[in-house]
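> Provided below for reference: sequence and predicted model.
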Number of protein chains: 2
Amino acid sequence: MGLGEDETVATEPDPAGTVVRPYRGVSALDRIALRRRQLLDAGLELFGTRGISAVGVGDVCSEAGLTKRYFYESFQSIDELAEAVFEEVRANLMVRVAPALAAGGPSDIRLAVDAYVRAVTEDPRVLRLLAFETSAGPLAGHRDDFATNAVEAWFALSGHQAKDRDRNRLRAYAFVGASTQIGLAWARGELSLSIDALIDELVELFENLAAGVVG
Amino acid sequence: MGLGEDETVATEPDPAGTVVRPYRGVSALDRIALRRRQLLDAGLELFGTRGISAVGVGDVCSEAGLTKRYFYESFQSIDELAEAVFEEVRANLMVRVAPALAAGGPSDIRLAVDAYVRAVTEDPRVLRLLAFETSAGPLAGHRDDFATNAVEAWFALSGHQAKDRDRNRLRAYAFVGASTQIGLAWARGELSLSIDALIDELVELFENLAAGVVG
DNA sequence: TAAATCTGATACTTGGAAGTGTCAACTATG
DNA sequence: CATAGTTGACACTTCCAAGTATCAGATTTA
């Protein structure tokens, strides 16, 4: 809200975005939430197919079937929308992987890798978002955060005391970088391996790397 | 107006960019080549520090000490300049790595990795160009070409008959992806390993991967 | 010296996207 | 029905960078 707008008298309680009463049976807050959802969906669709840099406010609005005015109701910029879309994708991934990680435990990482690979590859838009769009632009750096968090989680589970943090992190980066690059090639159809074979490879890679870390 | 100037008689052989006679003791062709060089240098500097997407024609011209007119003398767009800059970087890298690869041979990849890592890390701009800028934007996909070429070269040297191309390529991607991600973290100063330790790690990683390929 | 070419600075036109404003039609409230 | 909130369409202003044109002064050539 505006800070010193004009909350003077009682005759003007809502200066800017009038958000008060129901419309077509939907409450004001629900309508806003609904539109925000439409924008997030449109964002995932466009970012995940054309790439973030090729998408403008107008594009998102067309895709969502809304007008600019409602874009700025929920977001201040395309980058802010990209952040929100990515955050949602990340959260969904976590929900799918975390149980598998807990179930498999640190000595058997296969379940987690399996869950992760299947979750990522089943939606090309998610794959593109993770593989392509986290290298440059507004989402730059998020891949590293992602990697760091994942490795921290794994460390926490394994009870491993990091006595050589830098080597560990290097290997974590190696795994994330390798996975990403492979996923990228996979997304373009350059690898005809089955998903199972792909998972086997990644598990093997992880175990090679982890052996060096733990040992 | 450029078109119907006054090419009346046969005395006007050069319609557009007048490129004829020496100036300040430099021939016309040399002047063009010189300006092209200035633009390439400016491109590497700006692309390698700010990132391609943050650089416009005007920026490059300022950095090069030239005006737009001379930009369009040698390039048609920023993307075309980016291509040329990348190609030059790639060629320089090849020059440094190829001899080491030939000397070490397929069984001892250390020399090649050593040369590659040192070449890339000694110029932060090159590192950034390879690690960041080949993921999105005009240089997208070049990392894969790079990887493919490198692996093909290595295969050629090793005389290895690829009977399982997809697995080989997957591992090639794994190595390139891991190297890139690590280089990226290194570029940001997140890894305090010495270059020697870094090289050790990468050699070890490569040997793990190559063992699977050859064996 | 006169004519032609070359250079660098700068003005200019153009195009696209961001962000804001207006308005007529629609819906809830009393 | 009258009033006020709500919506979508679209016009509008602003801004920025691309790309083009102009011009005075410097340099070469005849």
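Received it, and whenever you're ready, just let me know what you need.

> my guess is residue A:32 contacts residue A:66. True?
No: contact criterion CB atoms under 8 Å: residue A:32 and residue A:66 do not qualify, at 11.5 Å. Where you see a C-beta, it was placed from the backbone N, CA and C, and this is true even at glycine.

> where does pLDDT dip in chain A?
A:1-19, A:155, A:158-164, A:212-215 (pLDDT under 70).

> all the helices of it, residue numbers only.
A:28-47, A:57-64, A:68-74, A:78-104, A:110-121, A:124-131, A:142-158, A:165-187, A:195-214 (DSSP state H).

> right, so of those helices, which gets closest to DNA strand D?
When those are compared by CB to the nearest atom of the strand, helix A:28-47 sits nearest DNA strand D, at 4.1 Å.

> quick one, what contacts the closest residue in space to residue A:179 that isn't next to it in sequence?
Of all residues not flanking residue A:179 in the chain, residue A:202 sits nearest, at 6.2 Å (CB to CB, 6 or more residues apart in numbering or on different chains). Each residue near residue A:202 by CB atoms under 8 Å, 6 or more residues apart in numbering or on different chains is listed here: A:113, A:117, A:178-179, A:182.

> quick check, residue A:148 in contact with residue A:172.
Yes: here residue A:148 reaches residue A:172: they are 7.3 Å apart, a contact under CB under 8 Å.

> who's more crowded, those two?
Neighbours were counted for residue A:148 and for residue A:172 using other CB atoms under 10 Å in any protein chain shown; residue A:172 has more, 24 against 16.

> contacting residues for that one?
Per CB under 8 Å, 6+ apart, neighbours of residue A:172: A:147-148, A:150-151.

> can you say which of those residues are buried?
Neighbour-count burial (16 or more other CB atoms under 10 Å in any protein chain shown) applied to these gives A:147-148, A:150-151.

> the residues you listed: which two are farthest apart?
Within the buried ones among the contacts of residue A:172, A:148 and A:150 form the most distant pair, 7.3 Å apart (CB to CB).

> for residue A:39, what are its contacts?
By CB under 8 Å, 6+ apart, the residues touching residue A:39 are A:60, A:64, A:66, A:70-71, A:74-75, A:81.

> between those, which has the most around it?
When neighbours are counted by other CB under 10 Å, residue A:81 leads those with 26 neighbours.

> these two touch, right, that residue and residue A:75?
Yes: judged on CB under 8 Å, residue A:81 makes contact with residue A:75 at a distance of 4.6 Å.

> show me what from chain A comes close to chain B.
With CB under 8 Å from any CB of the partner chain as the criterion, chain A meets chain B at residues A:51, A:53, A:132-133, A:135-137, A:140, A:143-144, A:147, A:166-167, A:169-171, A:173-182, A:184-185, A:190-193, A:197-198, A:201, A:204-205, A:208-209, A:212.

> which of those are buried? Put it as a PyMOL command.
Burial among these is assessed by 16+ other CB under 10 Å; the matching PyMOL selection reads:
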select buried, chain A and resi 51+53+132+133+135+136+137+140+143+144+147+166+167+169+170+171+173+174+175+176+177+178+179+180+181+182+184+185+191+193+198+201+205+208+209+212
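
> if we can go back for a sec, turn the helices of chain A into JSON lines, columns for distance to DNA strand C.
What follows is these, written out as JSON lines (distance: least, CB to the nearest atom of the strand, whole Å):
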{"stretch": "helix A:28-47", "distance to DNA strand C": "10"}
{"stretch": "helix A:57-64", "distance to DNA strand C": "4"}
{"stretch": "helix A:68-74", "distance to DNA strand C": "4"}
{"stretch": "helix A:78-104", "distance to DNA strand C": "5"}
{"stretch": "helix A:110-121", "distance to DNA strand C": "28"}
{"stretch": "helix A:124-131", "distance to DNA strand C": "18"}
{"stretch": "helix A:142-158", "distance to DNA strand C": "21"}
{"stretch": "helix A:165-187", "distance to DNA strand C": "25"}
{"stretch": "helix A:195-214", "distance to DNA strand C": "37"}
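
> so of the ones you listed, which one's packed in deepest?
Most buried of the helices of chain A by mean neighbour count (mean count of other CB atoms under 10 Å in any protein chain shown) is helix A:165-187; its value is a mean of 23.

> end to end, how far does stretch A:127-140 reach?
Start and end residues of stretch A:127-140 are separated by 15 Å (CA to CA, to the nearest Å).

> then stretch A:54-70?
Stretch A:54-70 has an end-to-end distance of 20 Å (CA to CA).

> residues in contact with the nearest residue to residue A:144 once chain neighbours are set aside?
Excluding its sequence neighbours, the residue lying closest to residue A:144 (CB to CB, 6+ apart) is residue B:185, at 6.8 Å. Counting by CB under 8 Å, 6+ apart, residue B:185 touches A:144, A:169-170, A:173, B:191.
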